[in-house]
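>>> What shape does this take:
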Amino acid sequence: MKKIKTLFLLLTISISSFAQSLTDTIQIPEVAVTGSYSAAKQTPFTFKNLSQKDISLRSTGTEPAVLLSTTPSVTFYSDNGTGLGYMYYRLRGIDQTRINSTLNGIPLNEPEDQGVYYNNYGGFLNSVSNIQIIRGAGLSKPGVSSYGGSLNFSSLEFTDKLSGFSNLLYGSYNTFSITGGINSPHFFLLAGKTKTDGYRNNSFNDSWSTFYGGNFSVGKNYFKVYGFVGKQKNGMAWLGEPLDSINKDPKHNTNTKDEVDDFLYVHNQLTWQNGHLKATVYHTYLNGWYTTDMGHFDPIPNPNGSCIWKLALKSNWLGTNVNYNLPLGDVLYLNLGTNAYTYSREHQGTYTSLYPSYTNTGTRNEVSPYAKAEIRINKVWFYGDIQYRYTTFNYDGDPSMLPQEWRFLNWSSGVSIKVKEHSSIYYGIGKTNREPTRNDIFQGSDNFLGYNDIPDYWGPGIPYQYKIINPEEALNNELGWKYKTDYLLINANFYYMDFKNEIVLNGKYGPNSIVLHQNAAESYRSGIEFDLDYKATTHWQFLTSNSFSFNQIQQDGETFQPVLTPSLLLSGDVVCNLSKSVYTGLNVRFNGKSYIDFSNENQLPSYALLSVYGGITWKGILIKGTVNNVLNDLVLTNGIIGAEPLYFVMAGINGSVSLTYKF
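You can find the predicted model right below:
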């Protein structure tokens, strides 16, 4: 711990000594370098940018997973069957704990289990001006390794003059939200409240959140503050349902009304810029709890009925990111920096008298220096990136656990060639390493149970067994073509990801309600992705995002496909701008079949979804509406294996309408 803090201090001081003059975006003739965490147009990797206009067009108060699913190779599912509450997404079949997520380049994946829970700060997209999705290794990022890819959200930009808005939304399942905010040259403030009953029984969501930002300067020193506070309460819906139960009542939820969660989440960033130097200090605080009925797992008859387990969590996460931009003429650009943090989370599990209670604390520390370089020679751009990650996990509990320590060297490089005025080709290659999460190490228990096997502790089909989970490694290749004009944008690419010790879903889940993983001996993921945005006329726009993949795991002499990784994903929009103030659109999405277990015996069926949306603007008033699952199909979006296959269902036909006033 002392070594980490000392190194944390030394790295910050040593890089700070280079201070001179900057902005986050450095302009070199015909080249824009957008900072250490964002890809520019010439970066030789596969990525997609979503502007504030894109977000506004396709987002209707839902969590980010719904919007991300309109981009190539992204799937999602919801616990309660709607676009609110707990939602999860996968990129190229890789779950979001293995996708680096940042806000203004500051990590969002909590270090212990590397998850991102946007539900803790509902209405997050209202405070976002841009989203960049990098598929594959790409650029090194602060926080968890960019294993399956990375996702960066940029906070709202300050406006030239005072402006504001208010919004009311009402939708199916008694969904209601009210949001409002103001923005100005030096500060902004947004606040919102959302409630819904959820599609499935006992799956309500009740949340509020506040987002804020400010900026000021002192001489050559520029300061920016950004943060948010979120508070939410949910009815739990993390258990899937057997098909016969879904066919009888799609809204059925095995989780009872006594299974709920309640969390407070606070995040703050303070950024200082002086010349070429940029430094950010960040802090995240989490405090809350959730309850689970252990009767779902324990076959021992309980004369008292339910056996409610309550898990309370409280964490503090303090870190810094320091970045130094160094342009050397018109040819060479260097970017040097480091990210360092210390993180601690307290766990307290409380049972009924049938089971003992416990407390434990997990501590994580990390230092990750990096260096990036870009060279331009005529119409050719070369890119290089290297990151060293030193990260630890220490556990204080009974029984004790040996400290965990990992050292990784992540790197990427590539070349982009401008072929014609509007087109370029690129090739990128990168290697990324990633450590197992706490849940992977503990194999589904929140309290470490020791190194010996404990057979059938969690009931039939869910044994606790300590297994050594090795770090995973991916070698990613990207070959693509980009074409961009004022009316047409195309990105087509081929990828091949070769894994070693990939930590993959095995289709099961543990008693802390989190899905379980294990190492795979050999595996790869490959495919073709195609992304198009075509503005055919002033009235018609066509968008499509498609992926065709071939994926394979080899384990114990067997060959099979990875869990929850469909080979075919299609998404398309047709948008008609009837006038400058009226638009309507139609979205069609197809998910191919996938498997929910290692043996590939149980399938998640393919499905197609049809949705329509539209809006009318008049004198600062915007009315938007959307209808999802227009054909009212029974759609299964996720599956796990318990004593039998269990599935998660999406809501039938549903919709919402919103009224926004801007001033």
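
>>> Strands of the stretch 1-150 of the chain, residue ranges please.
For the stretch 1-150 of the chain, the strands defined by DSSP state E, counting those that start in this stretch cover 26-28, 31-33, 46-51, 74-78, 87-91, 94-95, 99-103, 106-107, 128-135, 149-155.

>>> pLDDT on the helix or strand where T284 lies, on average?
Here T284, judged by DSSP states H and E, is contained in strand 277-293. For strand 277-293, the mean per-residue pLDDT is 96.

>>> and that strand, what does it pack onto?
On a contact count with 3 or more Cβ pairs under 8 Å, 6 or more residues apart in numbering; DSSP states H and E, strand 277-293 meets helix 2-16, strand 260-274, strand 308-328. Yep, even glycine has a C-beta here, placed from its N, CA and C like the rest.

>>> These into a markdown table, with extra columns for distance to K195?
Listed next are these as a markdown table, based on distance: least, Cβ to Cβ, whole Å:
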| stretch | distance to K195 |
| --- | --- |
| helix 2-16 | 42 |
| strand 260-274 | 14 |
| strand 308-328 | 24 |
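
>>> and the gap between the residue nearest the centre of the chain and L634?
By Cα atoms, centre = their mean, the chain has its centre lying nearest to Q96, at 4.9 Å. Distance of Q96 to L634, computed by Cβ to Cβ, to the nearest Å: 26 Å.

>>> Show me which residues of stretch 282-290 are buried.
Y282, T284, L286, G288, W289, Y290 (16 or more other Cβ atoms under 10 Å).

>>> From these, pick the one nearest R58.
Taking Cβ to Cβ as the measure, R58 lies nearest T284 of those, at 28.0 Å.

>>> Hmm, that closest one is touching W317, no?
Yes: the pair T284 and W317 qualifies as a contact (Cβ atoms under 8 Å) at a distance of 4.2 Å.

>>> Return every residue with contacts to both of these two.
E110 (Cβ atoms under 8 Å, 6 or more residues apart in numbering).

>>> ranges for the helices of the stretch 451-600 of the chain?
Using DSSP state H, counting those that start in this stretch, the stretch 451-600 of the chain contains no helices.

>>> got the contact list for Q348?
L311, A312, L313, S357, Y358, T359.

>>> which intervals of the stretch 551-663 of the chain have sub-threshold pLDDT?
Residues of the stretch 551-663 of the chain meeting the criterion pLDDT under 70: none.

>>> for it, what spans make up the strands?
558-560, 568-577, 582-591, 594-595, 603-604, 607-618, 621-628, 635-641, 645-650, 654-662.

>>> how near is the closest residue to Q518 other than its chain neighbours to Y595?
Nearest residue to Q518, sequence neighbours excluded (Cβ to Cβ, 6 or more residues apart in numbering): N506, at 5.0 Å. As judged by Cβ to Cβ, N506 and Y595 stand 11 Å apart.

>>> can you list the buried residues of stretch 282-290 in TSV and add distance to A137?
TSV is the format used below for the buried residues of stretch 282-290 (distance: Cβ to Cβ, whole Å):
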residue	distance to A137
Y282	24
T284	26
L286	29
G288	34
W289	37
Y290	34
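
>>> can you tell me which of those residues lies nearest to K224?
Y282 (12.0 Å).

>>> I'd say the closest one and I106 touch.
Yes: shown here, Y282 and I106 form a contact pair, counting by Cβ under 8 Å, at 4.9 Å.

>>> In this structure, where is pLDDT below threshold?
In the chain (pLDDT under 70), the answer is 1-35, 298-306, 352-355, 452-467, 511-513.

>>> So what does G61 look like in phi/psi?
phi 80, psi 0 (degrees, to the nearest 10).

>>> in which helix or strand would I find the closest residue to it other than its chain neighbours?
Nearest non-adjacent residue to G61, counting by Cβ to Cβ, 6+ apart: L169, 5.2 Å away. Assigned by DSSP H and E, L169 belongs to strand 163-171.

>>> Run me through the strand neighbours of that strand, direction for each.
Here strand 163-171 is paired, per DSSP bridges, with strand 175-183 (antiparallel), strand 654-662 (antiparallel).

>>> With respect to I417, which of those lies nearest?
From the strands paired with strand 163-171, taking Cβ to Cβ, the stretch that ends up closest is strand 175-183, at 40.5 Å.

>>> List the buried residues for the closest one?
In strand 175-183, counting by 16+ other Cβ under 10 Å, buried: T175, S177, T179, G180, G181, N183.

>>> Just send the residues you listed back as CSV, with distance to H539 too.
CSV is the format used below for the buried residues of strand 175-183 (distance: Cβ to Cβ, whole Å):
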residue, distance to H539
T175, 32
S177, 31
T179, 30
G180, 32
G181, 32
N183, 31
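
>>> Among the residues you listed, which one lies nearest to S36?
N183 (26.3 Å).

>>> Enumerate every residue touching the closest one.
L156, F158, T159, L162, S163, G164.

>>> For the second one, give its distance to Y226.
Spelled out, it's F158. F158 is 11 Å from Y226, by Cβ to Cβ.

>>> what's the answer for the last one, then?
Distance from G164 to Y226, counting by Cβ to Cβ: 18 Å.

>>> These two: which has the busier surroundings?
Taking neighbours as other Cβ atoms under 10 Å, G164 and Y226 compare with Y226 leading, 23 against 16.

>>> Contact partners for S549?
Contacts of S549 by Cβ under 8 Å, 6+ apart are S73, R92, G93, R525, S526, G527, I528, T565, P566, S567, L568.

>>> what's the closest of the helices and strands packed on strand 277-293 to T102?
Here strand 308-328 is closest among those (Cβ to Cβ), at 9.4 Å.

>>> how far is the closest one from where the chain is centred?
Offset of strand 308-328 from its chain centre (Cα atoms, centre = their mean, to the nearest Å): 15 Å.

>>> go on, stretch 558-578?
Distance, centroid of stretch 558-578 to centroid of chain: 18 Å (Cα atoms, centre = their mean).

>>> Same question for it: list its buried residues.
560-567, 569-573, 575, 577.

>>> From start to finish, how long is that stretch in a straight line?
Separation of the first and last residues of stretch 558-578 by Cα to Cα, to the nearest Å is 55 Å.

>>> Number of residues surrounding R98?
That count, for R98 with other Cβ under 10 Å as the rule, works out to 24.
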